[in-house]
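# Turn this into a model:
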Amino acid sequence: MTLQTYFMEATYLVASILFVLSLKGMSHPETARRGMFMAEAGMFAAIVGTLVGTEIVSWVWIIAGLTIGSIIGAWMAIWVPMTAMPQRTALSHAFGAFAAAMVGIGEFIVRGSELGAITRGALGFEVMLGALTTTGSLIACGKLQGIIHGKPIQFRGQNIINLLVALSMVGCFVYFWMHPEAAAVFYTMLGLAFVFGIMLVIPIGSADMPVVMSLLNSYAGLASAATGFVLGNNVLIIAGTLDGFSGFILSVLMCKAMNRSITNVLFGGFGSVVAEATSNVGGVMREISLDDAAMQLAFANRVVFVPGYGLATAQAQHAVRELAELLEARGVSVKYAIHPVAGRMPGHMNVLLAEANVPYSSLYEMEQINPEFPSTDVAVVIGANDVVNPDARDNPKSLIAGMPILEVDRAKSVIVLKRGQGRGFSGLENPLFFKPRTTMLYGDAKSTLSHLAQAVQHV
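All right, here's what the predicted structure looks like:
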């Protein structure tokens, strides 16, 4: 081997170690930032090693790609707001998967029938998985952004059609594997994969998008691993496998947190019978004034804030921290209850609160905080709906029956911050809002929390 090859393999080894350490770091919020820096360093090492150890046909294309990619990446990192982080992540999945599919297509065009059986199988898998992940991620991004309706898009015989498309796609893959000269079959498989990605995600409701995001992350990682097999690139195999399996494990954990199976998410069409499931919910939502809410909080002994997607939408994480600090200065015990699927992606609330410098020691997971709600004086729900819906616990006919929830209805008093009386992201009505101990504080969460902080100061 040449000196350049030795250098490339050495940097790949360093990059692989850094990727493993980054996953270890990201397993805990206190070390997550260090984990991200390790991942960045690993990716930089992999890129440098590839550029040094590979024969470059044209530096013009390499520099152009690095420049365009850096500009897009910087824009997404700096100017995309935290509220749009889930759809930004979905877009990243689409970019990565599309890159894997394009590499596979390029390899097929250049090498074609010269590919060995194992490499050809990896190439077909890479293109198939990369293509369906691309369109699936774009649909997920559209649903999260509101460009595509969040409710399930369903029609009669949809699952059968999806099954036929999937079987046709796999059939083309097997035929291409056995007959590498069949270019028409290869491109048919590619087209079917793009279509299947769309068909796979459109019947899934927005409430299940966190699980879908994890699955798409897994698919993108496995496509990258297959790319590594095709190119003979060890670091791609390692990084893609780590990404793929960690995404799958996260999907399983998310489904457990929602008491749903992956097959139920993919084929259940969540939200299609919302009207029937929630028709018996009713009552009167009692509104509370800002001064009364401030009085309750100021003289409480224990307050628990329950953040949801409404917190992200209003960019209210700094306002809730300021209010919490005022309460703590008065001797009030303040905690934050974090549901594993609150928001639009895993860890969404943790990221938002970390951005506002909320101490990690103040964040409590569902299993930790639920036993404390009966002794909590005031639970403040900020833009959360499904994760505090008692129907999941009490109504076996509910669409979210069995899903573990934050049991805020057991607190002595509940104040819910909402923009209006509309239903949550899943479309389900929440009986919590009609309970005698619950009061509603309407308005923009950021503005409401800021005014609450001012009112608490004057109590």
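# now the strands for this structure?
302-307, 333-338, 363-365, 378-382, 414-418, 438-442 (DSSP state E).
# Show me the one of the ones you listed that comes nearest Ile105.
strand 333-338 (42.3 Å; C-beta to C-beta). C-beta: built from backbone N, CA, C; applies to glycine.
# now the angle between strand 302-307 and that closest one, please.
30 degrees (axes from the mean of the first three to the mean of the last three C-alpha atoms, to 10 degrees).
# Pull up the pairing partners for strand 333-338, direction included.
strand 302-307 (parallel), strand 363-365 (parallel) (DSSP bridges).
# just how off-centre is it within its chain?
Its chain's C-alpha centre and that of strand 333-338 lie 23 Å apart, by C-alpha atoms, centre = their mean, to the nearest Å.
# check contacts around Val381.
By C-beta atoms under 8 Å, 6 or more residues apart in numbering, the contact list for Val381 reads Val306, Gly308, Val388, Val408, Val414, Ile415, Val416, Leu417, Leu432.
# For the residues you listed, give me TSV that also has distance to Ala122 and pLDDT.
Shown next, in TSV, are the contacts of Val381 (distance: C-beta to C-beta, whole Å; pLDDT from 0 to 100):
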residue	distance to Ala122	pLDDT
Val306	46	96
Gly308	42	90
Val388	46	93
Val408	49	96
Val414	54	96
Ile415	55	96
Val416	52	95
Leu417	51	95
Leu432	50	92
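# Arrange the residues you listed in JSON lines, one row each, with neighbour count and distance to Ala239 as further columns.
Below are these laid out as JSON lines (neighbours: other C-beta atoms under 10 Å; distance: C-beta to C-beta, whole Å):
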{"residue": "Val306", "neighbour count": "28", "distance to Ala239": "36"}
{"residue": "Gly308", "neighbour count": "27", "distance to Ala239": "33"}
{"residue": "Val388", "neighbour count": "25", "distance to Ala239": "38"}
{"residue": "Val408", "neighbour count": "28", "distance to Ala239": "41"}
{"residue": "Val414", "neighbour count": "24", "distance to Ala239": "45"}
{"residue": "Ile415", "neighbour count": "23", "distance to Ala239": "46"}
{"residue": "Val416", "neighbour count": "26", "distance to Ala239": "43"}
{"residue": "Leu417", "neighbour count": "29", "distance to Ala239": "41"}
{"residue": "Leu432", "neighbour count": "22", "distance to Ala239": "43"}
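# Closest to Lys143 out of those residues?
The closest of the contacts of Val381, once distances to Lys143 are taken by C-beta to C-beta, is Gly308, at 17.8 Å.
# thought that closest one was touching Asn389?
No - Gly308 sits out of contact with Asn389 when judged by C-beta atoms under 8 Å, with a separation of 11.1 Å.
# on that earlier part again, quick check: which of the strands of the chain is nearest to Ala220?
Here strand 333-338 is closest among those (C-beta to C-beta), at 26.2 Å.
# so where's the stretch 251-400 of the chain shaky on pLDDT?
257-260, 264-282 (pLDDT under 70).
# all helices for it, in order.
262-267, 274-278, 290-298, 309-314, 317-329, 348-355, 366-369, 391-394 (DSSP state H, counting those that start in this stretch).
# quick one on the thing from earlier: Ile288: which of the strands paired with strand 333-338 is closest?
Short answer: strand 302-307, nearest of those by C-beta to C-beta, at 14.8 Å.
# neighbouring contacts of the closest one?
Strand 302-307 is contacted from outside by 297, 317, 320, 324, 327, 332-339, 342, 349, 352-353, 369, 372-373, 375-384, 387-388, 406, 408, 411, using C-beta under 8 Å, 6+ apart.
# repeat that with 7 Å
By C-beta atoms under 7 Å, 6 or more residues apart in numbering, the residues outside strand 302-307 that reach it are 297, 320, 324, 327, 332-337, 342, 349, 352-353, 369, 375-382, 384, 388, 406, 408.
# Apply the buried test to the residues you listed and list what passes.
Buried by 16 or more other C-beta atoms under 10 Å: 297, 320, 324, 327, 332-337, 342, 349, 352-353, 369, 376-382, 384, 388, 406, 408, out of the contacts of strand 302-307.
# Tell me how far the residue most central in space within the chain lies from Pro374.
For the chain, the residue nearest the mean C-alpha position is Met345 (2.7 Å; C-alpha atoms, centre = their mean). Per C-beta to C-beta, to the nearest Å, Met345 is found 31 Å from Pro374.
# May I see the strands of the chain arranged in CSV, with distance to Ser16 as well?
Below are the strands of the chain laid out as CSV (distance: least, C-beta to C-beta, whole Å):
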stretch, distance to Ser16
strand 302-307, 36
strand 333-338, 32
strand 363-365, 31
strand 378-382, 41
strand 414-418, 46
strand 438-442, 51
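# out of these, nearest to Gly146?
When the strands of the chain are compared (using C-beta to C-beta), the closest one is strand 414-418, at 18.1 Å.
# what distance separates that closest one from the middle of the whole chain?
25 Å.
# cool, and stretch 284-301?
33 Å.
# Kindly report the same for stretch 377-389.
21 Å.
# And for the residue nearest to Thr133 when sequence neighbours are not counted, the neighbour number?
Excluding its sequence neighbours, the residue lying closest to Thr133 (C-beta to C-beta, 6 or more residues apart in numbering) is Ala97, at 3.6 Å. Ala97 has 30 neighbours, counted by other C-beta atoms under 10 Å.
# for Ala97, what are its contacts?
Contacts of Ala97 (C-beta under 7 Å, 6+ apart): Gly130, Thr133, Thr134, Ser137, Tyr219, Ala220, Ala223.
# before we move on, what about His93?
Here His93 is in contact with Thr133, Ser137, Leu216, Asn217, Ala220 (C-beta under 7 Å, 6+ apart).
# quick one: contacts for the closest residue to Thr11 other than its chain neighbours?
Ranked by C-beta to C-beta, 6+ apart and with sequence neighbours excluded, the top spatial neighbour of Thr11 is Gly49, at 3.0 Å. By C-beta under 7 Å, 6+ apart, the contact set of Gly49 is Phe7, Met8, Thr11, Tyr12, Ala15.
# Quick one: buried ones out of these?
Met8, Thr11, Tyr12, Ala15.
# tell me the phi and psi of the closest residue to Gln317 other than its chain neighbours?
Closest residue in space to Gln317, ignoring its immediate chain neighbours: Ala356 at 3.9 Å, by C-beta to C-beta, 6+ apart. Backbone torsions of Ala356, given as degrees, to the nearest 10, read phi -90, psi 10.
# and Ala356, how many neighbours does it have?
17.
# what does Asn159 give?
When neighbours are defined as other C-beta under 10 Å, Asn159 has 13 of them.
# Next one: the residue nearest to Thr11 from Val235, what distance?
8 Å.
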